[in-house]
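Trainee: make a model of this:
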Amino acid sequence: MAPITGLRLRSLHCRPRCVRALSRHLEVVPRAAVMATATDVTKRSGSSSVPLLVACLLLATTTQAEERQCAWQLPGGDVPITSALAYDELVKKLKELDALNGINGLLSWDELVMMPEGAVGSRGAQKAALAGVLYDKRTEPRLGELLSHLQDAKGTLDRVQAAVVRDAHRSYVRETAIPKDLAQRIAKLETDAYAAWVAARKASDFSRFAPFLQQWVDVSKQKAAAIDPSRSAYDVLLEDYEKGMTYARLDQIFAEVRKDLVPLIADLRSKGTAPSETWLNGIWAVEQQAALCKEVALALGFDTNIGRLDVSVHPFTGGSHPTDVRMTTRFKEHDLTEGLTGAIHETGHALYEQGRNLDPAWEGLPVGNSLSMGIHESQSLFWERMIGLSQPFAEWLLPRIRQHFPQFPERSAADLYEAVNVIKSPSLIRVESDEVTYPMHIILRYEIERGLLDGSVKVEDVPKVWNQKMKDYLGAVPETDAQGCLQDVHWSAGLFGYFPTYSLGAMYACQIYELAKQQLPELEQQVARGNFKPLKEWLNESIHKLGSLHPSGDELMKAVTGSPLKPQVFLSYLRSKYSKLYKLS
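Mentor: Here you go, the predicted model:
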């Protein structure tokens, strides 16, 4: 077969980019033609251009089925390469993006923890400049070309590579789908709506925030339609926080939770006997709280060689990489348990980050990232609730509290366990609620925001709908808008779809814990002795290192526990635990 025509030769000097070969419209490259071309190029150039010949030989050795997938170009020219080379180029771009995201993470951490107040303006300029660089790299056409090619060549990818391409393609589509004018409107609305929410909350007047919430509903619908007009707006928005989840699946899960939990809450309040908790009241020095919480975090497995602990106004976990994880917490002098549970919660997030897969095939790539906000929350709630609110943990914790606070009351570990598990009554504020009432706060918000997007709830009716659902679900009605529909910041940022991840996390955590108890038969005894290493290592292998290999939380649960998320596991846990605590027959 004759060599392929159309070659333009320059000085080779063993530099493959100096050769421009094979026109971009070429779709199928017969192996014989490639071999002939390789020979012809070498003869005419008078040079043994090894890189070019290797590229050609790679094509020449492909199977007939692969030939259609190999007509791909190097960045600077027209030499076809295999999907393997296209994947290598993609990996390089994605790892660069990950490094830039890490820089952004450090800037944000510093802003909240260390930055002097006078640096607000310069930090804003720095973050804006970096955001521009990130946007350009996330939306560059070459990235789209690589992803499109690799989408068509899925059969040549292994499981990890396929997950990288799947998630990178999903992100690229979402980044490039939104028109510039809409992105600018969203950016401006973030600032305007937050200021309006702050003022409305201070005045406890929802009407001041309502016009901005309406704008968020409108632009969110437009954003969703731009990304995927074939799906419901809520499903598209939900993907930002919980990949693979749909409103139909949420309806199924939350209907089951609502059906069981509303009567359980009513029974606990009307028929149960609440444990005593007032003995925990007192003044607890912040310095000693910080020392105690650091001891707890280190005992659970937080590694300060690749992380650090600090104090901030709002607790969070951030950083730049699994080898640089930054967690913060906060303390209140009159509340010992809030600082403790907050520290354990953030430690759970941090352990997930430090446990991510650092194999070169995973590190810095989408497959190595946390699967979703719900799964991330499952790891914080696993440690905070399944471990931190358990009686075995109370047995380990009590003597350590006494070491830091000699004045701590002479009560038993059973007393401590009961006191930290009291149900709030009334439960008006989401962030102050307990593990029994918390899911109903989430379901209420989910039902309202879904209604806003599908038109069944009008913005001006939000306070009325909110109060009615509070009465129906939690038996309490807030006296003011500030106590009610204005208590959360989320809607001021247009975060529709965020709230469900909190309760999904609690349910994932419970299902994972049930499996952990089966596979670690001595788990409760180990916790009581303060031996958390077996559990941490089990979570590293079973959850953390799997990253985003699976496309959804349900698929991860199926792979790890044998079934998708089962709300009854969570409901049985609550029913059993609190029936005993509240002495229900």
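Trainee: separation between Gly451 and Ala476?
Mentor: 21 Å (CB to CB, to the nearest Å). For glycine as for every other residue, the C-beta is placed from the backbone atoms N, C-alpha and C.
Trainee: for stretch 139-159, buried residues please.
Mentor: Leu143, Glu145, Leu146, Leu147, His149, Leu150, Ala153, Thr156, Leu157 (16 or more other CB atoms under 10 Å).
Trainee: could you point out the helix or strand that follows the host helix or strand of the second one?
Mentor: In this structure, Glu145 is located in helix 141-152 according to DSSP states H and E. Past helix 141-152, heading to the C-terminal end, the next element that is a helix or strand (DSSP H and E) is helix 159-177.
Trainee: tell me the angle of that following helix relative to helix 141-152?
Mentor: 130 degrees (axes from the mean of the first three to the mean of the last three CA atoms, to 10 degrees).
Trainee: restricting to C-alpha, output helix 159-177 in CSV.
Mentor: C-alpha atoms of helix 159-177 as CSV (Å, rounded to 0.1, in the frame of the first residue of the first chain):
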residue,chain,number,x,y,z
ARG,A,159,-12.0,0.8,35.1
VAL,A,160,-10.1,3.6,36.8
GLN,A,161,-9.4,5.5,33.5
ALA,A,162,-13.1,5.2,32.6
ALA,A,163,-14.1,6.8,35.9
VAL,A,164,-11.6,9.6,35.3
VAL,A,165,-13.1,10.3,31.8
ARG,A,166,-16.7,10.0,33.1
ASP,A,167,-16.3,12.6,35.8
ALA,A,168,-14.0,14.9,33.9
HIS,A,169,-16.5,14.9,31.0
ARG,A,170,-19.4,15.6,33.3
SER,A,171,-17.5,18.6,34.8
TYR,A,172,-16.5,19.9,31.4
VAL,A,173,-20.1,19.8,30.1
ARG,A,174,-21.3,21.6,33.2
GLU,A,175,-18.6,24.3,33.0
THR,A,176,-19.0,25.0,29.3
ALA,A,177,-22.8,24.9,29.1
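Trainee: need the residues that contact the helix or strand just after that helix.
Mentor: Once helix 159-177 ends, the next helix or strand along the chain (criterion: DSSP H and E) is helix 180-203. Contacts with helix 180-203, where a contact means CB atoms under 8 Å, 6 or more residues apart in numbering, come from 178, 206-209, 211-213, 215-216, 219, 222-223, 226, 481-482, 486-487, 489, 491-494.
Trainee: pull the distance from helix 180-203 to the chain's centre.
Mentor: Centroid separation between helix 180-203 and its chain, computed with CA atoms, centre = their mean, to the nearest Å, is 23 Å.
Trainee: ditto for stretch 83-100
Mentor: That offset, for stretch 83-100, works out to 22 Å (CA atoms, centre = their mean).
Trainee: buried set for that stretch?
Mentor: Applying 16+ other CB under 10 Å to stretch 83-100 flags Ser83, Leu85, Ala86, Tyr87, Glu89, Leu90, Val91, Lys93, Leu94, Leu97, Asp98, Leu100 as buried.
Trainee: state the mean pLDDT of it.
Mentor: Predicted confidence along stretch 83-100 averages 96 (mean pLDDT).
Trainee: with stretch 165-174 instead?
Mentor: Mean predicted confidence for stretch 165-174 is 97.
Trainee: check Glu295 and give its pLDDT.
Mentor: 98.
Trainee: count of neighbours near it?
Mentor: Neighbours of Glu295 under the rule other CB atoms under 10 Å: 15.
Trainee: residues in contact with the nearest residue to it once chain neighbours are set aside?
Mentor: In this structure, Glu295 finds its nearest non-sequential neighbour in Arg400, 6.3 Å apart by CB to CB, 6 or more residues apart in numbering. Counting by CB under 8 Å, 6+ apart, Arg400 touches Leu292, Glu295, Val296.
Trainee: could you check how far Arg400 is from Ile283?
Mentor: 19 Å.
Trainee: nearest to Lys127, of the buried residues of stretch 83-100?
Mentor: Leu100 (11.8 Å; CB to CB).
Trainee: thought the closest one was touching Gly132?
Mentor: No. The criterion here is CB atoms under 8 Å, and Leu100 misses it with Gly132 at 11.1 Å.
Trainee: how many neighbouring residues does Leu452 have?
Mentor: 25.
Trainee: ditto for Asp359
Mentor: 10.
Trainee: which secondary structure element is home to it?
Mentor: Applying DSSP H and E, one finds Asp359 in no helix or strand.
Trainee: mind listing what the closest residue to Ala361 other than its chain neighbours touches?
Mentor: Nearest residue to Ala361, sequence neighbours excluded (CB to CB, 6+ apart): Val160, at 5.3 Å. Neighbour list for Val160: Ala361, Trp362, Val367, Leu549 [criterion: CB under 8 Å, 6+ apart].
Trainee: and the third one, helix, strand or coil?
Mentor: With DSSP: H, G, I helix; E, B strand; the rest coil as the basis, Val367 sits in helix.
Trainee: separation between it and Ile306?
Mentor: 21 Å.
Trainee: okay, these two: which has more neighbours?
Mentor: Taking other CB under 10 Å, Val367 and Ile306 do not tie; Val367 has more neighbours (27 against 15).
Trainee: that one contacts Ala168, doesn't it?
Mentor: No. With contact defined as CB under 8 Å, Val367 does not count as touching Ala168 (9.2 Å).
Trainee: and the residue nearest to Ala361, how close does it get to His550?
Mentor: Val160 is 12 Å from His550, by CB to CB.
Trainee: which SS class is Lys424?
Mentor: coil.
Trainee: re earlier: which one of the contacts of Val160 sits closest to Asp267?
Mentor: Comparing the contacts of Val160 against Asp267 with CB to CB places Leu549 closest, at 41.4 Å.
Trainee: quick one: contacts for that closest one?
Mentor: Per CB under 8 Å, 6+ apart, neighbours of Leu549: Arg159, Val160, Ala163, Val367.
Trainee: could I get those as JSON lines with distance to Glu410?
Mentor: Shown next, in JSON lines, are the contacts of Leu549 (distance: CB to CB, whole Å):
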{"residue": "Arg159", "distance to Glu410": "56"}
{"residue": "Val160", "distance to Glu410": "55"}
{"residue": "Ala163", "distance to Glu410": "54"}
{"residue": "Val367", "distance to Glu410": "52"}
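Trainee: tell me the one among those residues nearest to Gly339.
Mentor: Val367 (35.5 Å).
Trainee: which residue comes closest to the closest one once chain neighbours are left out?
Mentor: Ala163 (4.3 Å).
Trainee: also His490?
Mentor: Tyr498 (5.5 Å).
Trainee: tell me who's in contact with the one you found.
Mentor: Neighbours of Tyr498 in contact, by CB under 8 Å, 6+ apart: Tyr241, Met373, His490.
Trainee: want to throw those into TSV with secondary structure?
Mentor: Below are these laid out as TSV (three-state DSSP):
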residue	secondary structure
Tyr241	coil
Met373	helix
His490	helix
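Trainee: would you list the buried entries among those?
Mentor: Buried residues within the contacts of Tyr498, defined by neighbour count using 16+ other CB under 10 Å: Tyr241, Met373.
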